[in-house]
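**Q** I need the structure of the sequence given here:
(2 chains)
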Amino acid sequence: MILTGQSLTKTYGSLSALTDVDIACAAGTIYGLLGANGAGKTTLFRILLGLIKPNKGKVIINSDRIKPLGGIIEKPAAYEYLSAQQNLRLFSKIQKAPADKTTIENKLKAVGLSPERKDPVRNFSLGMKQRLGIAIALLNDPECLVLDEPFSGLDPIGIASLRSLIQELATKQGLSVLVSSHIVDELSKVCDELIILKEGQIVNRGATQEIISACTESYLISGPEITQTDLWEKVDAKMLRQSVQVFVGAEEIGEIISVLAKKGIQITSCTPEISMSKLFDTDTK
Amino acid sequence: MRALIWSELYKLVHQRMTYLALAAILIIEGVVIFSAYFQGNTILDILLDNLRDSFYFEGNLLNGHLLVYLILNSLWFHLPLILMIVSAGLLTTEYKDKTLQMVMLQPVNRTSFLLSKYVVAIIFSLGVVLVLMVSSMGVSYAVFGGGDLVVYLGSLNFFPHEEAFQRILWAYGCGTLTVIFFSVVSVTIAVLVRETTIAWIASAFFLIVANLLLKVDFGDGWFGKYSFVKLNDTWQQLFYQDINWTQIHTNNALILGYTLLFMVIGVIVFKRRDLL
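**A** The predicted model follows:
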């Protein structure tokens, strides 16, 4: 394990932000930390990244690199009055990473930013700032990347693009990536494993697909003529405009889709509707 | 550490606030010269009306030396105020923009990072005093020329041209130490309060209180002799007829000690505190 947190506990006065949280991150795996606002995600990340000290517990980093962990907390924060290149050069120099023109340009290209842009970062979109933040976090080649709410505020194109960047980093470079969000849909698409945090405690964890399956109560099937079949009379379903909410488990949904396919009914999407109460209350540790 | 100092200087020269501060200082200097040009002779006439009958003054008393001396008075309040705003901003803007968090996520030592802020605040203060000195001397001597310097400090003190110039140079040296002290204090205030506006208010409050207490007579006790509020006007001692060098050196050593003390306090708090 590259990063391990043991019994991490943090209190602010009488408020308990984290209680006995254990976490471990392995190379090449993407972990999703899911929790409502105020669940303790940012506090946990701050402790893992050494910004705050826990009242109890310890963080073990198993790496001999200059920078074992890279991260972004809350929002990507670069110097707004400097260009992306200037920011990257400045952050490189303070940590003695290579800061020559070619290296900087390659780092920008690696996260999908154009080295041609010379204007200040304040003109950048949130997605571009997020990419610059990741480029800064990746300086000195850390083994683990910690991203706090990276999808927050991004448009759908930005989300898709960031998702593929995260997957690429884990798959091609073997990075361990820890991503937090309060939106399950975002994490389910990118993470190998999910950790559910509620009121400062881990209430659920496991392989993403297992958790999603265990907590799915219904599926939303969409298509132009999806409502025009007698199949819905035989299963528990609720008709919507161009979609149907089907109240079945993971085992039955495949069969339903296959019946629809045989009937020649076009399906544009099939999305699991996850029960939040199951997700946050069931302890499957 | 050198890389951190470089990065701090790099940020400083790329920020608009730096140039606004320099412009503000040059405007203050311009206002002093402008007012002296139009009103200086009238004030001098009132002050020296009786003395002109008994003494001969060489050259025009409204000269470059007097102008530089008047500009030196900005070392009391205006210059430290502007420098405190810039110096506190070195850190508070990083808290506000969350760039401090981003820097601390890199393999950067907290103590070295804060020390580099202090070093850059000192370098900037030195640079600004130098700009003030060169520009005030350049403009004043070019427009008003040289001559004897007359200064009122309880009584009228007169210094011949050459001696006046020497004293002015020493005064700039002593004043610089005071200005550096206030800049360092403002960085420490920024560490303590973190929020930009509060840091500015607290810095201004510190400067105002220090200047108010400077005027209060605390007698010959410890506070009256060695507290930092009593060291702000050391440079003025260069304009008494007899210079008490021992007192000046002691005061300068003390102000350096206080500067280091505030730096140590800042580093300790910064190291221990959680970065939220």
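**Q** List the buried residues for the helix or strand hosting B:Ile25?
**A** B:Ile25 belongs to helix B:16-48 when assigned by DSSP states H and E. Across helix B:16-48, burial judged by 16 or more other CB atoms under 10 Å in any protein chain shown covers B:18, B:21-22, B:24-26, B:28-29, B:32-33, B:36, B:40, B:44. Every C-beta, even on glycine, is put in place using the N, C-alpha and C of the backbone.
**Q** Looking at it now, give me its mean pLDDT.
**A** Averaged across helix B:16-48, pLDDT comes to 79.
**Q** which helices and strands sit right next to that helix?
**A** Packing contacts for helix B:16-48, counted by 3 or more CB pairs under 8 Å, 6 or more residues apart in numbering or on different chains; DSSP states H and E, involve helix B:64-72, helix B:78-97, helix B:110-144, strand B:149-153.
**Q** can we see that at 6 Å?
**A** helix B:64-72, helix B:78-97 (3 or more CB pairs under 6 Å, 6 or more residues apart in numbering or on different chains; DSSP states H and E).
**Q** Now find how far off-centre that helix is within its chain.
**A** 16 Å (CA atoms, centre = their mean, to the nearest Å).
**Q** Kindly report the same for stretch A:270-281.
**A** With CA atoms, centre = their mean, you get 17 Å for stretch A:270-281.
**Q** Return the set of buried residues in it.
**A** For stretch A:270-281, by 16+ other CB under 10 Å, it's A:270, A:272, A:274, A:279-280.
**Q** Identify, from these, the entry nearest to chain B.
**A** Of all the buried residues of stretch A:270-281, chain B sits closest to A:Phe280, with 25.7 Å by CB to the nearest CB.
**Q** Tell me the spacing between that closest one and A:Glu186.
**A** Separation of A:Phe280 from A:Glu186 (CB to CB, to the nearest Å): 16 Å.
**Q** Also A:Ser277?
**A** 20 Å.
**Q** got it, and A:Gly127?
**A** 14 Å.
**Q** Equivalent analysis for B:Ile189, please.
**A** In terms of CB to CB, B:Ile189 sits 41 Å off from A:Glu186.
**Q** Compare neighbour counts for the two and give me the winner.
**A** B:Ile189 (25 against 21; other CB atoms under 10 Å in any protein chain shown).
**Q** which non-adjacent residue is nearest the more buried one?
**A** Spatial nearest neighbour of B:Ile189, chain neighbours left out: B:Ala202 (4.9 Å); criterion: CB to CB, 6 or more residues apart in numbering or on different chains.
**Q** Quick check: the one you found touching B:Val191?
**A** No - using CB atoms under 6 Å, B:Ala202 is not in contact with B:Val191; the gap is 11.3 Å.
**Q** more neighbours, these two?
**A** Neighbour count, other CB under 10 Å: between B:Ala202 and B:Val191, B:Val191 has more, with 24 against 19.
**Q** Check which helix or strand that one maps to.
**A** Per DSSP H and E: helix B:161-193 holds B:Val191.
**Q** and that helix, what other elements does it pack with?
**A** helix B:64-72, helix B:78-97, helix B:110-144, helix B:196-215, helix B:245-272.
**Q** quick one: average pLDDT of whichever helix or strand comes after the fourth one?
**A** Moving toward the C-terminus from helix B:196-215, the first helix or strand encountered (DSSP H and E) is helix B:222-226. Here the mean pLDDT over helix B:222-226 is 79, rounded to a whole number.
**Q** can you list contacts of helix B:222-226?
**A** Helix B:222-226 is contacted by residues B:218, B:254 when judged by CB atoms under 6 Å, 6 or more residues apart in numbering or on different chains.
**Q** Let's see it as CSV, backbone CA atoms only.
**A** Listed in CSV are the C-alpha atoms of helix B:222-226, where the atom choice follows Å, rounded to 0.1, in the frame of the first residue of the first chain:
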residue,chain,number,x,y,z
TRP,B,222,12.3,49.5,31.1
PHE,B,223,9.3,50.2,29.0
GLY,B,224,10.4,53.8,28.4
LYS,B,225,13.9,52.8,27.4
TYR,B,226,13.7,49.4,25.6
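**Q** chain center to that helix, what's the gap?
**A** 21 Å.
**Q** give me the residue from the stretch 1-150 of chain B nearest chain A.
**A** Relative to chain A, the nearest point of the stretch 1-150 of chain B is B:Lys98 (3.7 Å; CB to the nearest CB).
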